[in-house]
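Trainee: For reference, the sequence and a predicted model appear below.
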Amino acid sequence: MPLTKLRNIGIAAHIDAGKTTVTERILYFTGTSRKMGEVHDGQATMDFMKQEQERGITIASAAISANWGDHQINIIDTPGHVDFTVEVERSLRVIDGMVALFCAVGGVEPQSETVWNQAERYRVPRIAFVNKMDRTGAEFPEVITQMNKYLDANAVPFQIPMGAEEDFKGVIDLIEQKAYTFIDFTRGEIEIPEEYKAKAEEARNFLIEKLADFNDEIMELFLEEQEIPVELLKSAAREATLKLLITPVFTGAAYKNKGVQLLLDAVVDYLPSPIDVGATIGIDVDDEEKTQSRCPSEKDHFSALAFKLINDPYVGQQTFIRIFSGELKSGMQIFNSTKGKMERIGRIFRIRAKDREEITNAGPGDIVALVGMKLTKTGDTLCDQANPLYLESIHIPPPVIELKISPEKRKDQSKLGEALSKLANEDPSFNVHYDEETEETIVAGMGELHLEVIIDRIKDEFGVEVIVGEPAVAFRETITEAFEINHKHTKQTGGKGQYAHTVMRLEPNTGNDYEFVDLIKGGVIPNEFIGSVDKGIQKTMAQGVLADFPVVDVKVVLLDGSHHAVDSSDFAFQTCASIAFKNGFMKAKPVLLEPMMKIEINTPDDYIGNVVGDLNKRRGKVESMRRHRKGSQKLNGFVPLMEMFGYATSLRNISSGRANYSMEFHQYTPLNAEVQESVLKKLEEAKAEKK
């Protein structure tokens, strides 16, 4: 199949906007599945994990291939819940175009904005689908207004609905000037009904005016009041969409099978093929200042990005990759430039949700799963060894919530370790570490639901019953002042002793994580031990100083020191640097940093006072309020994560179950002195209890 006939698309939106339902309809209408699964009865093809079926939400983005006419569409269905935002992030990195779904009742929801901003970061062309037009409260024009106001989407309706709520009859295609009705699984084409003609003409003129801004030929014909050919409108619309100048908007009701075939036509007409996206730019392995490009052609050097790992009970670990250039064949050797090692390709699969079809080769634009990869992880670049490069990796946000976890039966300890290792491999936003002092395993993730799903999977997939502690905040530590420390480490033990001496300055490095600067002159510390100093500091930072939380945002400048010809060693300098860093850190006014969350709350007007009052008690700050819909408000603000455990229940109580919220990580901010003192005291008490 020529590359111009291929579309790699993602379907993304706020939770419950109907992403999985839309995908199920697409699979049915393209003939990929013979029956339609439903989210509410746990039978959706794309939600094949037990945790997804139980909760009626998508957790893991599933890749699937479908054919529409003479085009192949690779679809990635992504989660809408903010705890699984990394799934959206890695999907956006490898798709070429996106269908952004909006609920006709809910409009632009909190997660819609997050997904939209992620797509902006990767410059992904988008079309929009306003779903659920048959629901009570559906307002198509209001969703368009919100898209332009809150997302700056330059949203242009390419269709308008005929009716709304229970009177939703079908859609009018403004470019083709045709009306479509949908009965069961068939679409019927009719003349535009008389009562919609004036509205359709007004909407079509608006569409033409928008396209005339980007196309002189359309502008000329429009000003001369001449008929504009449909093909010219389509090609101009396609170009404007690919350049991110407009967002074409379509509409329907996926659950009632209305508008889905027309959405598929729009994917083919307006979203890019790998050829439209053009060359992928990577960084030269030998010189990071230089870039290399790879064209979407089988003749160019091979390049691909691993974007997801899944443990399949039947075939083992599957590594999902997007191929950008060259050809991949089973059995061939390829180079993992991120790890600097060779990998042998075992079997190659084209995935159809939980079914798989084995293929012998794959080319540019393909999204396939590889079985038998030993080293490759999420974000790794695979390429030709003779022409290596690094492709832009995937942005992984830091985990903000922790749980202590242990097996119910002691004999299951190694089984639990294996399960956690596999899950951390699959999900880069999930971390595991073992606390030597308390002898506890600590898992960290993006939110309570994220960790809840992980625990469920440990029980169901790996058969390990676990005891889970209370959720806790994943704090960080840093300093607020510069401090210079001079430390000499000496130890005589009968034989060869230990000697190391360092003088270093610790400085706050807000927002830049860790930086190490070597200002040693004249070899007072030999070159081979400079790395040891750096390593000793990094080990200490990972363990924490103030309260055993990782240290961030510190710059260490190595100023001076000395060594001994016999007694100096790698170990001695690591130890010296570690002690010096700890001592200096405690003198540089250390503080704990807490995760500050961005929160958005939708509430009826009646409860606004209660909601704001409750947020203030939680040290929250309301940034803005805006009218969301008639009789309801949307609050935006920031609130510390440590004050938000159990918030869902509390919000339900103060709003009689009518308010809802969405929360995502914003940044780490310093704790005030009073709260820090109380947190440190509690941590000390917990530690004393363990002893």
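Mentor: Right, received. Where do you want to start?
Trainee: can you give me the helices for the stretch 201-350 of the chain?
Mentor: 216-223, 230-242, 260-270, 274-277 (DSSP state H, counting those that start in this stretch).
Trainee: Throw those helices into TSV and include mean pLDDT, thanks.
Mentor: Formatted as TSV, the helices of the stretch 201-350 of the chain follow (pLDDT from 0 to 100):
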stretch	mean pLDDT
helix 216-223	92
helix 230-242	96
helix 260-270	95
helix 274-277	94
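Trainee: Out of those helices, the one nearest Gly363 is which?
Mentor: Of all the helices of the stretch 201-350 of the chain, helix 274-277 sits nearest to Gly363, with 9.6 Å by Cβ to Cβ. Backbone N, C-alpha and C define where each C-beta goes, glycine included.
Trainee: Now do the buried residues in the closest one.
Mentor: For helix 274-277, the buried set under the neighbour-count rule, 16 or more other Cβ atoms under 10 Å, comprises 274-277.
Trainee: one step back: now render the helices of the stretch 201-350 of the chain as a markdown table, adding distance to Lys459.
Mentor: Below are the helices of the stretch 201-350 of the chain laid out as a markdown table (distance: least, Cβ to Cβ, whole Å):
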| stretch | distance to Lys459 |
| --- | --- |
| helix 216-223 | 60 |
| helix 230-242 | 45 |
| helix 260-270 | 37 |
| helix 274-277 | 41 |
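Trainee: among those helices, which is nearest Phe549?
Mentor: helix 274-277 (41.7 Å).
Trainee: How about residues contacting the closest one?
Mentor: Residues external to helix 274-277 that are found in contact with it (Cβ atoms under 8 Å, 6 or more residues apart in numbering): 3-4, 6, 8, 96, 242, 296, 324, 364-365.
Trainee: Please flag which of these sit within strands.
Mentor: Judged by DSSP state E, strands contain the following of these: 6, 8, 324.
Trainee: for Arg254, what are its contacts?
Mentor: No Arg there; residue 254 is Ala. 18, 21-22, 25, 131-132, 260.
Trainee: How about Pro364?
Mentor: Pro364 neighbours (Cβ under 8 Å, 6+ apart): 3, 274, 296-298, 300, 323-326.
Trainee: which of these tops the neighbour count?
Mentor: Of all the contacts of Pro364, the highest neighbour tally under other Cβ atoms under 10 Å goes to Phe324, namely 29 neighbours.
Trainee: I'd assumed Leu305 was in contact with that residue.
Mentor: Yes - contact criterion Cβ atoms under 8 Å: Phe324 and Leu305 qualify, at 7.1 Å.
Trainee: Now list whatever residues contact both of these two.
Mentor: What both Phe324 and Leu305 touch, as defined by Cβ under 8 Å, 6+ apart, is the set Leu391.
Trainee: For Ala547, which residues are in contact?
Mentor: Contact analysis of Ala547 by Cβ under 8 Å, 6+ apart lists 475, 477, 592, 679-680, 683.
Trainee: Nearest to Lys535 among those?
Mentor: Of all the contacts of Ala547, Glu477 has the smallest distance to Lys535: 19.1 Å, by Cβ to Cβ.
Trainee: Can you tell me the element that closest one falls in?
Mentor: Element membership of Glu477, judged by DSSP states H and E, is strand 476-479.
Trainee: Show the subsequent helix or strand relative to that strand.
Mentor: strand 483-491.
Trainee: now the contacts of Ala254: which count as buried?
Mentor: 18, 21-22, 25, 131-132, 260.
Trainee: Just those: which are in helices?
Mentor: Members of the buried ones among the contacts of Ala254 lying in helices (criterion: DSSP state H): 21-22, 25, 260.
Trainee: Please identify which of those residues is nearest to Gln318.
Mentor: Using Cβ to Cβ, Val22 is the member of those that lies nearest Gln318, at 24.6 Å.
Trainee: So that closest one sits against Gly259, correct?
Mentor: No - using Cβ under 8 Å, Val22 is not in contact with Gly259, being 9.4 Å away.
Trainee: Could you name every residue contacting both of the two?
Mentor: Any residue near both Val22 and Gly259 by Cβ under 8 Å, 6+ apart counts here, and that gives Phe129.
Trainee: Would you indicate which residues of stretch 336-346 are buried?
Mentor: 336-338, 343, 345.
Trainee: And the contacts of it?
Mentor: Residues contacting stretch 336-346 (Cβ under 8 Å, 6+ apart): 285, 328-335, 370-377, 379-383, 385, 388-390, 393.
Trainee: Kindly present the contacts of Ala254 as a markdown table, with separate columns for distance to Ile359.
Mentor: Shown next, in a markdown table, are the contacts of Ala254 (distance: Cβ to Cβ, whole Å):
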| residue | distance to Ile359 |
| --- | --- |
| Gly18 | 32 |
| Thr21 | 29 |
| Val22 | 27 |
| Arg25 | 26 |
| Asn131 | 33 |
| Lys132 | 37 |
| Val260 | 28 |
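Trainee: ok, of those, which one's closest to Asn672?
Mentor: Distances from Asn672 to those, taken as Cβ to Cβ, are shortest for Gly18 (42.9 Å).
Trainee: confidence score at Val533?
Mentor: For Val533, the pLDDT comes out at 96.
Trainee: Am I right that it is in a strand?
Mentor: No - under DSSP: H, G, I helix; E, B strand; the rest coil, Val533 sits outside any strand and is assigned helix.
Trainee: still on that earlier bit, quick one: which of the buried ones among the contacts of Ala254 is nearest to Ala179?
Mentor: Nearest to Ala179 out of those is Val260 (Cβ to Cβ; 16.6 Å).
Trainee: Give me the helices and strands touching the biggest strand by length in the chain, please.
Mentor: Counting residues, the longest strand found in the chain (DSSP E) is strand 590-604. Contact analysis of strand 590-604 by 3 or more Cβ pairs under 8 Å, 6 or more residues apart in numbering; DSSP states H and E lists strand 476-479, helix 608-617, strand 632-640, strand 660-670, helix 673-690 as its packing neighbours.
Trainee: make it 7 Å
Mentor: strand 476-479, strand 632-640, strand 660-670, helix 673-690 (3 or more Cβ pairs under 7 Å, 6 or more residues apart in numbering; DSSP states H and E).
Trainee: Of these, flag the one that's most buried.
Mentor: strand 476-479 (a mean of 22; mean count of other Cβ atoms under 10 Å).
Trainee: sorry, back to before: looking at the strand holding Glu477 now, give me its mean pLDDT.
Mentor: 95.
Trainee: neighbouring contacts of it?
Mentor: Outside strand 476-479, the residues within contact range by Cβ atoms under 7 Å, 6 or more residues apart in numbering are 506, 508, 544-547, 549-554, 585, 588-593, 668.
Trainee: C-alpha coordinates for that strand, CSV please?
Mentor: Extracted C-alpha coordinates of strand 476-479, given in CSV (Å, rounded to 0.1, in the frame of the first residue of the first chain):
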residue,chain,number,x,y,z
ARG,A,476,11.4,16.2,47.2
GLU,A,477,14.2,18.0,49.0
THR,A,478,16.2,21.0,48.0
ILE,A,479,18.2,24.0,49.4
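Trainee: from the chain's centre, how far out does that strand sit?
Mentor: 26 Å (Cα atoms, centre = their mean, to the nearest Å).
Trainee: cool, and stretch 104-117?
Mentor: 15 Å.
Trainee: what's next to it, contact-wise?
Mentor: By Cβ under 7 Å, 6+ apart, the surrounding residues in contact with stretch 104-117 are 12-15, 17, 80, 82, 85, 88, 100, 102, 130-133, 135, 137-140, 142-143, 146-147, 150-151, 600, 662, 664.
Trainee: out of the residues you listed, which are buried?
Mentor: 12-15, 17, 80, 82, 85, 88, 100, 102, 130-133, 135, 138-140, 142-143, 146-147, 150-151, 600, 662, 664.
Trainee: Just to be sure, which of the residues you listed are found in strands?
Mentor: Reading strands off the buried ones among the contacts of stretch 104-117 with DSSP E, I get 12-13, 100, 102, 130-131, 600, 662, 664.
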